[in-house]
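Student: Predicted model, plus sequence, below.
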Amino acid sequence: MSAEFKDVKAAEAVDEATAFAASAAPGEDAGDKAGTAAGAGDAVGSSAGEGGAAAGCAGSDGVLANGSQSAVAPGALAHGEQGEGADAAEGAEGAAAQDAPSEEELAAARELAEHNALADVFDDVRKQSADSHLVTPDRWAEIGLVPDHMTPDDFEMFVYEWLEDYLAEHKDEIEAERAAERAKAAAVRSATRAVGVPPKIPNRRLAQIEADSKAKAAEAADKAPEAVGDSVEVESAAGVDASTQSGNAAEAAESAAVAATPATSEPVPASSDNAGGNGQAAEDEQPVEDDRSPFAGLRIPEGYRLEQIEGEWVLVEDENAVPVRKEIKCNRIKALVGMHSYYLYDETLMTYNYARWAFLAAEDNPVVTFVECVREDSRVYPRPYAAECLKNPPFRMTDEQIEETWQAVRDSGNYPDIERTEASNGDVYYYSTQYLESGYAASLAEYDAVERPADV
């Protein structure tokens, strides 16, 4: 008998044993029939007998033929565990899907985060401008202003593009605001003559005022006898007014006394005084509410709450509060674009010239910075530019750096108008021949370095 034939017969014996065990009557021991089927399988072959015994190892009540507890088949156990695990996983996924925000909610949350981040960025720009500092985009990641769903580079471009679009859309509004500020500044004018120096021409208005005063005094003297006859009526009227004022004063004092009485939540006890003479019980009166709390009328900003820390009440952020949509204020924010980054400042808190100098210093281009500062002073004031000025903020250059920059300007040949002069005390000045002659620049430098300090 070939091995293949034995395998076929063994499979048939297993099928017969399984069917025979399934057809057992309810009151009949299925284990016995399964055992009989297993015995029949032994006649076919040892492999078939083993298969029949395995198929009929357990009865309908899960008890082996010899009375011992049956074991669960490994395949069935594995299947059950996999089923329960799959059901649990499906349940967890369903709950997570229900709790997960929708696409609209995610988009709204991201839009709010971007909006508030813009508001925080421009608020920080104003604070830094007040301290004479430009703001670069790398600062926002350092202080935690970049939204979680954006990278620092993406947020940098987002702020720049948003600001450009906003300024373009509100151009007319911003220009009107600037014009109003210029008109307000022009209304403030200095004195047209030295203070305390009398004018050469006599003040005719003052003489007219003195004449009018004398005429009124004479008229009052003429009416003096008539006023004596009316004194009685005046005194009676004054008495009525005095009595009325005294009554009002008494009422005011009574009101002040009531206000000074500490308010309590208990009813005011009945007495002959407060009952009004009608015997009405005091419990009919309403208790007075205490509105004299130190926080009465205090408007707490949205997103904050009052908390007592070390005996003092302070405002802290409320973690459970609904996110607040902040106001964006950027009408006067301006940007200076450099080689590698851009710089923001508020023009109401920092002048353009200072922002330009700070920008050149930040761009680390000392030659351009040097030339622009010298030309600016020579053109605007006009005066030569002191080398000491380059040691101040925002440049903070040393003597060696100033000298190196001057040599670079001379060696480049691109700035032939920039010249150098020296005062008698050794102070160095630079000027532009486009706006100042050499002799005039030298005299101004001498006055600024030597003569002016001596006159003070």
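Tutor: Sure thing, it's come through.

Student: per-residue confidence at residue 443?
Tutor: Looking at residue 443, its pLDDT is 95.

Student: in what helix or strand does it lie?
Tutor: Per DSSP states H and E, residue 443 falls inside helix 438-446.

Student: Quick one: list the elements packing against that helix.
Tutor: Counting contacts by 3 or more C-beta pairs under 8 Å, 6 or more residues apart in numbering; DSSP states H and E, helix 438-446 packs against strand 418-422, strand 428-432. Where C-beta positions appear, they are placed from N, C-alpha and C, glycine not excepted.

Student: Contact partners for residue 167?
Tutor: 174, 330 (C-beta atoms under 8 Å, 6 or more residues apart in numbering).

Student: Name the SS class of it, please.
Tutor: helix (DSSP: H, G, I helix; E, B strand; the rest coil).

Student: any idea how far it is from residue 212?
Tutor: From residue 167 across to residue 212, the span is 58 Å (C-beta to C-beta, to the nearest Å).

Student: same question, residue 319
Tutor: From residue 319 over to residue 212 (counting by C-beta to C-beta), the distance is 73 Å.

Student: more crowded one of the two?
Tutor: Neighbours per residue (other C-beta atoms under 10 Å) separate residue 319 from residue 212, with residue 212 holding more: 10 against 7.

Student: so what does the helix or strand hosting residue 343 touch, helix or strand wise?
Tutor: In this structure, residue 343 sits in strand 342-346 according to DSSP H and E. Contacts defined by 3+ C-beta pairs under 8 Å, 6+ apart place strand 342-346 against helix 103-130, strand 333-337, helix 352-362.

Student: Now do that strand and strand 333-337, the angle between them.
Tutor: Orientation check (axes from the mean of the first three to the mean of the last three C-alpha atoms, to 10 degrees): strand 342-346 against strand 333-337 gives 150 degrees.

Student: Show me the contact partners of strand 342-346.
Tutor: 125-126, 128-130, 134-137, 160, 163, 332-337, 355, 358-359, 362.

Student: Check stretch 430-447 too.
Tutor: Outside stretch 430-447, the residues that reach it (C-beta under 8 Å, 6+ apart) are 370, 374-375, 377-379, 382-385, 387, 406, 417-424, 427, 429.

Student: circling back to that earlier point, mean pLDDT, distance to residue 396 and mean neighbour count added to the helices and strands packed on strand 342-346, as JSON lines?
Tutor: What follows is the helices and strands packed on strand 342-346, written out as JSON lines (pLDDT from 0 to 100; distance: least, C-beta to C-beta, whole Å; neighbours: other C-beta atoms under 10 Å):
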{"stretch": "helix 103-130", "mean pLDDT": "95", "distance to residue 396": "17", "mean neighbour count": "16"}
{"stretch": "strand 333-337", "mean pLDDT": "96", "distance to residue 396": "19", "mean neighbour count": "16"}
{"stretch": "helix 352-362", "mean pLDDT": "91", "distance to residue 396": "8", "mean neighbour count": "17"}
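
Student: of those, which approaches residue 186 most closely?
Tutor: Ranking the helices and strands packed on strand 342-346 by proximity to residue 186 (C-beta to C-beta) places helix 352-362 first, at 18.5 Å.

Student: How about whatever helix or strand comes next after that closest one, which residues are buried there?
Tutor: Next along the chain after helix 352-362, taking DSSP H and E as the criterion, comes helix 366-380. Using 16 or more other C-beta atoms under 10 Å as the test for burial, helix 366-380 gives 366, 367, 369, 370, 371, 373, 374, 375, 376, 377, 378.

Student: Okay, the fourth one and residue 116: tell me how far apart.
Tutor: When distances are taken as C-beta to C-beta, residue 370 and residue 116 turn out to be 42 Å apart.

Student: cool, and the second one?
Tutor: If you measure residue 367 against residue 116 using C-beta to C-beta, the figure is 42 Å.

Student: again, but for the third one
Tutor: Residue 369 is 37 Å from residue 116, where distance means C-beta to C-beta.

Student: Show me the one of the helices and strands packed on helix 438-446 that comes nearest residue 183.
Tutor: Comparing these by C-beta to C-beta, strand 428-432 comes nearest, at 33.2 Å.

Student: Let's see the closest one as CSV, backbone CA atoms only.
Tutor: Presented in CSV, the C-alpha positions along strand 428-432 are these (Å, rounded to 0.1, in the frame of the first residue of the first chain):
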residue,chain,number,x,y,z
VAL,A,428,38.8,112.5,13.3
TYR,A,429,35.8,113.6,11.1
TYR,A,430,34.6,112.4,7.6
TYR,A,431,32.6,114.4,5.1
SER,A,432,31.3,114.3,1.5
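
Student: which ones are touching the nearest residue to residue 368 once chain neighbours are set aside?
Tutor: The spatial neighbour of residue 368 that comes closest, neighbours along the chain excluded (C-beta to C-beta, 6 or more residues apart in numbering), is residue 360 at 5.8 Å. Shown in contact with residue 360 (C-beta under 8 Å, 6+ apart): 368, 369, 372.

Student: and with 10 Å instead?
Tutor: Residues in contact with residue 360 (C-beta atoms under 10 Å, 6 or more residues apart in numbering) are 336, 338, 366, 367, 368, 369, 370, 371, 372, 373, 394, 395.

Student: Would you format the helices and strands packed on strand 342-346 as a markdown table with distance to residue 304 included?
Tutor: As requested, these are arranged in a markdown table below (distance: least, C-beta to C-beta, whole Å):
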| stretch | distance to residue 304 |
| --- | --- |
| helix 103-130 | 15 |
| strand 333-337 | 26 |
| helix 352-362 | 34 |
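
Student: which residues touch residue 170?
Tutor: 176, 177, 330, 331.

Student: Quick check: the farthest pair among these?
Tutor: 176 and 330 (16.1 Å).

Student: and these two? which has more neighbours close in?
Tutor: residue 330 (22 against 11).

Student: Tell me who's in contact with the more buried one.
Tutor: Contacts of residue 330 were listed using C-beta under 10 Å, 6+ apart, and they are 118-119, 121-123, 125-126, 159, 162-163, 166-167, 170, 174, 344, 346.

Student: Repeat the analysis, applying 7 Å as the threshold.
Tutor: Counting by C-beta atoms under 7 Å, 6 or more residues apart in numbering, residue 330 touches 122, 163, 166.

Student: Any figure for the gap between it and residue 133?
Tutor: 17 Å.

Student: which ones are touching the nearest residue to residue 410 once chain neighbours are set aside?
Tutor: In space, and not counting its chain neighbours, residue 410 is closest to residue 418: 7.9 Å by C-beta to C-beta, 6+ apart. For residue 418, the contact set (C-beta under 7 Å, 6+ apart) comprises 371, 374, 409, 430, 432.
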